[in-house]
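Peer 1: next come a sequence and a model predicted from it.
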Amino acid sequence: MEEAPVTAATGALGPVVAKLGALLGSQYKLRRRTRKDVKFIKSNLKSVHSILWMIWGKEILDVESKNLKNEALDLAADMEDAVDDFILTMEPSRKNKHLMVQINIQASPFQDFRTRVDDVSARCHSNWKWKKNKCAESISSVFSRKNAKSSAPSKPPPPRQAPFVNKNASEIFGMDRWRDDLIRYLVGEVQPQLKLRQLLERPVWGKQPLPPCV
């Protein structure tokens, strides 16, 4: 079901548009004339909702504009009551208990609302002409399907490394003497009897000697 935020500027416009959209779904079976009126009313109220949403808090309304906005909100409230009353008159289908069917009515129950909605919608578009282009964009952004978008999983952070990884040997304190002796031993400048154990027993980190080898 389509959803839209309910604000002081839009009143019942959002909920009634959602209810009209539900009437057009597979749960209800409407007569051809009724379905046509519901589509027309839904489209126009959705447009009015977008206009009022765009001007909410961004424009100081004069008396005429305030009256027009209040008229649109009253229309939405009346339309919502009419939809609720209409659903109560529907009957479950004999073949499908999950399907509600419109009873045999000659005229559409929303015929009078169609004229009223058309008038309010036309005056809203005329009164806020400068919002025409922006409203066309807001319809798809304000009305959205629930859970239509899902955030993409974020990449895991790189594994933390020990502070000495990738460090230059010259940056590590106490390694210079150990390094120099080891190089001299490898190139043959130190007597062979100098064993690695003796090198390891030399103090490396400050004045604290390494633990003795077992």
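Peer 2: Structure received. Here the structure is a predicted model, which means the values were calculated and not measured. Residues are numbered from 1 along each chain as shown.
Peer 1: list the buried residues in stretch 48-66.
Peer 2: For stretch 48-66, burial by neighbour count (16 or more other C-beta atoms under 10 Å) applies to 48-55. Where you see a C-beta, it was placed from the backbone N, CA and C, and this is true even at glycine.
Peer 1: please apply the same query to stretch 22-29.
Peer 2: Counting neighbours by 16+ other C-beta under 10 Å, one finds that the buried residues in stretch 22-29 are 23, 28.
Peer 1: after the helix or strand where Phe86 lies, which helix or strand is next?
Peer 2: Using DSSP states H and E, Phe86 sits within helix 63-89. Sequence order places strand 91-92 as the next helix or strand after helix 63-89, per DSSP H and E.
Peer 1: what helices and strands are in contact with the helix or strand following that following strand?
Peer 2: The helix or strand immediately downstream of strand 91-92 is strand 100-101, counting by DSSP H and E. Helices and strands touching strand 100-101, by 3 or more C-beta pairs under 8 Å, 6 or more residues apart in numbering; DSSP states H and E, are strand 28-29, strand 91-92.
Peer 1: strand 100-101: partners in the sheet, and parallel or antiparallel?
Peer 2: Paired with strand 100-101 in the same sheet, following DSSP bridges, are strand 28-29 (parallel), strand 91-92 (antiparallel).
Peer 1: pLDDT (mean, whole number) over the first one?
Peer 2: It stands for strand 28-29. Averaged over strand 28-29, pLDDT sits at 94.
Peer 1: so after that strand, what's the next helix or strand?
Peer 2: helix 32-55.
Peer 1: quick one: mean pLDDT for that next one?
Peer 2: Averaged across helix 32-55, the pLDDT comes to 93.
Peer 1: elements contacting it?
Peer 2: Packing partners of helix 32-55 (3+ C-beta pairs under 8 Å, 6+ apart): helix 13-23, helix 63-89, helix 111-127, helix 132-142.
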